[in-house]
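Novice: I would like the atomic coordinates for the input below:
(chains A and B)
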Amino acid sequence: MIEVTGLRVVLPPDVAAVDGVDLVIRPGEFVVILGRSGAGKTTFLRALNRLVEPTAGDVRLGGRAVTGADPATLRALRRQIGMVFQQFNLVRRASVLDNVLAGRLGWAPPLPTLFGRFPAADRRIARECLAQVGLADFAARRADTLSGGEQQRVAIARALAQSPAVILADEPTASLDPALTGSIMDLLKMIRAQRGLTLIVSQHQLETALAYATRVVGFRRGRVVFDGPPAALSPAVAATIYGEEAGR
Amino acid sequence: MRRAAVFVALVVLAWTAWDTGADPVRFARGVPWILDFLRRMLPPDLRVLPAALLGAIKTVEIALLGTAVAAVLALPLGFLSARNVAAPPVFHLARATLNFFRSVDTLVYALVFVAAVGLGPFPGVLAVVAYTTTSLAKLYSEAIEGIERGPVDAITATGATRLQVLRFGVLPQVLPLFLSYVLYRLETNIRAATVLGFVGAGGIGFYLQTYLRMIDYSAASTVLLVTVLMVMVVDAISSRLRARLV
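Specialist: Purely as a prediction, here's the structure:
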């Protein structure tokens, strides 16, 4: 369970990217954060694991405070939160398997990892996650030799390798060919079904949100303007989320 | 404004020409002496070839060992003087230290180390280490400042420690650049090490200076030829390795 109370994030110079958000996300939900670009979706997701430091408010994961947590506690909490990015954020020059292994950094004994050594169990988990995204044969390839869609699958495998309770995906399909949107969203959906984890995915596409979400949270100017099941998202509500030019 | 700048530049250059006694006529009068010098260098005295080769090997050794040690010592310094890694006070202190030590040339360090540990190649190695550590640290830190933020965020999000973020988010991005800088430094250090012998810090420069002092120009020319050959060979190997890194 993720509990967000009064969350505010002011980015320099003086922009309230997230401006007072209260949200409770229950285990197993597939939440799509819907909004135009600049609505504060990315900042909201990054504030949940404190890649961006919130200005005010609280974030709790499973009852434990993320905001204000000391570095060791924060790392333990981050370990439970996998993250997938719009630009994949793989280490390009490293192998696919090494990229996925990075997902085990929060679990493996720290000192040996600095020399590139991971316990056999962690290596096995990494390979399993790679197989789960359908890229078992790509383990030895350099990450930047893969296509965009494949790279995003590797990034998802890296998030999975954390054995997380939650996966945050920030516009995971926005820098891909539109034809690949479905395959990445299907993969996320399948993973949620198999592992029973919570998914929080930001999207700017209405159709995608409606097709996959169990719950849609509409963002506009850093505030929640809609929160409900996809079926309740009327054209009038969509117009509120997207502003004047309703639809897409 | 522009005219004034050009005028000032011309005045400054004219002053330096006068102050250094730069004189084309005086140079023209010296040309015959240069020709005489070159004539006396030929043919090269190949009897000193073994000695010159041994000196060249020692020079390569000085540059190789000095660069290798510096490449490692520069690692922590490089991270500490990268704006996006180190805390501001640490960064400023590290940068200031680098700029201070970098402003002294290898040859000056050699003078200091010869005085400290005596004659021979060892003070040469120390001099190469002293200069190269700081100059590589500067290059390292610039490479670190140019990295992509994305992978760093991704590694941070896994719950990694700061050191793990450096090792898995930063190092893979900068390591090929680091190696390329180290090879480039090796090339310049070979050149720098050829003159270390002039101040008693070992290598081929010692032979060059000795033969010049003995006015044995044909022996000196053999040493010069070996030096040129050595630099060319190392450059060729190093640039080939560098091309494979990028």
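
Novice: Give me every residue in chain A lying close to chain B.
Specialist: By C-beta under 8 Å from any C-beta of the partner chain, the residues of chain A that approach chain B are A:49, A:51, A:75-83, A:85, A:87-94, A:102-106, A:110, A:113-114, A:155, A:158, A:162. Backbone N, C-alpha and C define where each C-beta goes, glycine included.

Novice: Beyond the helix or strand that contains B:Ala14, next helix or strand please.
Specialist: Here B:Ala14 sits within helix B:2-19, counting by DSSP states H and E. Counting by DSSP H and E, the next helix or strand C-terminal to helix B:2-19 is helix B:24-41.

Novice: still on that earlier bit, what's the angle between the helix holding B:Ala14 and helix B:24-41?
Specialist: Counting by axes from the mean of the first three to the mean of the last three C-alpha atoms, to 10 degrees, helix B:2-19 lies at 60 degrees to helix B:24-41.

Novice: any residues touching helix B:2-19, and which ones?
Specialist: When contacts are defined by C-beta atoms under 8 Å, 6 or more residues apart in numbering or on different chains, helix B:2-19 is touched by residues B:Ala22.

Novice: distance between that helix and the chain's centre?
Specialist: Between the centre of helix B:2-19 and the centre of its host chain there is 31 Å, according to C-alpha atoms, centre = their mean, to the nearest Å.

Novice: Output that helix as PDB, nothing but the C-alphas.
Specialist: In PDB, the C-alpha atoms belonging to helix B:2-19 read as follows (Å, rounded to 0.1, in the frame of the first residue of the first chain):
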ATOM      1  CA  ARG B   2      37.700  45.500 -32.000                       C
ATOM      2  CA  ARG B   3      40.300  47.900 -33.400                       C
ATOM      3  CA  ALA B   4      41.400  48.800 -30.000                       C
ATOM      4  CA  ALA B   5      41.900  45.100 -29.100                       C
ATOM      5  CA  VAL B   6      44.000  44.500 -32.300                       C
ATOM      6  CA  PHE B   7      46.000  47.600 -31.500                       C
ATOM      7  CA  VAL B   8      46.700  46.500 -27.900                       C
ATOM      8  CA  ALA B   9      47.600  43.000 -29.100                       C
ATOM      9  CA  LEU B  10      50.100  44.500 -31.600                       C
ATOM     10  CA  VAL B  11      51.700  46.700 -29.000                       C
ATOM     11  CA  VAL B  12      52.100  43.800 -26.600                       C
ATOM     12  CA  LEU B  13      53.600  41.600 -29.300                       C
ATOM     13  CA  ALA B  14      56.000  44.400 -30.400                       C
ATOM     14  CA  TRP B  15      57.100  44.900 -26.800                       C
ATOM     15  CA  THR B  16      57.700  41.100 -26.300                       C
ATOM     16  CA  ALA B  17      59.800  41.100 -29.600                       C
ATOM     17  CA  TRP B  18      61.900  44.000 -28.300                       C
ATOM     18  CA  ASP B  19      62.200  42.600 -24.800                       C
END
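
Novice: Chain B against chain A: which residues are in contact?
Specialist: Taking C-beta under 8 Å from any C-beta as the measure of proximity, chain B contacts chain A at B:150-151, B:153-161, B:163-164, B:167-169, B:172-173, B:175-176.

Novice: what about 7 Å?
Specialist: By C-beta under 7 Å from any C-beta of the partner chain, the residues of chain B that approach chain A are B:150-151, B:153-161, B:163-164, B:167-169, B:172-173, B:176.

Novice: average pLDDT across the longest helix anywhere in chain B?
Specialist: Under DSSP state H, the helix in chain B containing the largest number of residues is helix B:49-80. Per-residue pLDDT values across helix B:49-80 average out to 91.

Novice: So which elements touch the next helix or strand after that helix?
Specialist: Past helix B:49-80, further along toward the C-terminus, the next helix or strand under DSSP H and E is helix B:88-102. For helix B:88-102, the packing partners by 3 or more C-beta pairs under 7 Å, 6 or more residues apart in numbering or on different chains; DSSP states H and E come out as helix B:49-80, helix B:121-145.

Novice: Now render those as CSV, adding mean neighbour count.
Specialist: What follows is these, written out as CSV (neighbours: other C-beta atoms under 10 Å in any protein chain shown):
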stretch, mean neighbour count
helix B:49-80, 20
helix B:121-145, 23
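
Novice: Columns distance to A:Thr198 on top of those helices, output as a markdown table?
Specialist: Formatted as a markdown table, these follow (distance: least, C-beta to C-beta, whole Å):
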| stretch | distance to A:Thr198 |
| --- | --- |
| helix B:49-80 | 36 |
| helix B:121-145 | 36 |
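
Novice: so which of those helices gets nearest B:Leu183?
Specialist: Distance to B:Leu183, taken as C-beta to C-beta, is lowest for helix B:49-80 among the helices and strands packed on helix B:88-102, at 8.7 Å.

Novice: List the contacts of A:Ile156.
Specialist: A:Ile156 sits next to A:Val84, A:Val133, A:Leu187 when contact means C-beta atoms under 7 Å, 6 or more residues apart in numbering or on different chains.

Novice: measure the residue lying closest to the second one once chain neighbours are set aside to A:Ala213 for me?
Specialist: Which is A:Val133. Once its chain neighbours are removed from consideration, A:Val133 has its nearest residue in A:Arg153; the separation is 4.2 Å (C-beta to C-beta, 6 or more residues apart in numbering or on different chains). Taking C-beta to C-beta, to the nearest Å as the criterion, A:Arg153 is separated from A:Ala213 by 21 Å.

Novice: Identify all contacting residues around stretch A:183-201.
Specialist: Here stretch A:183-201 makes contact (C-beta under 7 Å, 6+ apart) with A:25, A:27-33, A:45, A:133, A:149, A:152-153, A:156, A:160, A:164-169, A:172-173, A:176, A:208, A:212.
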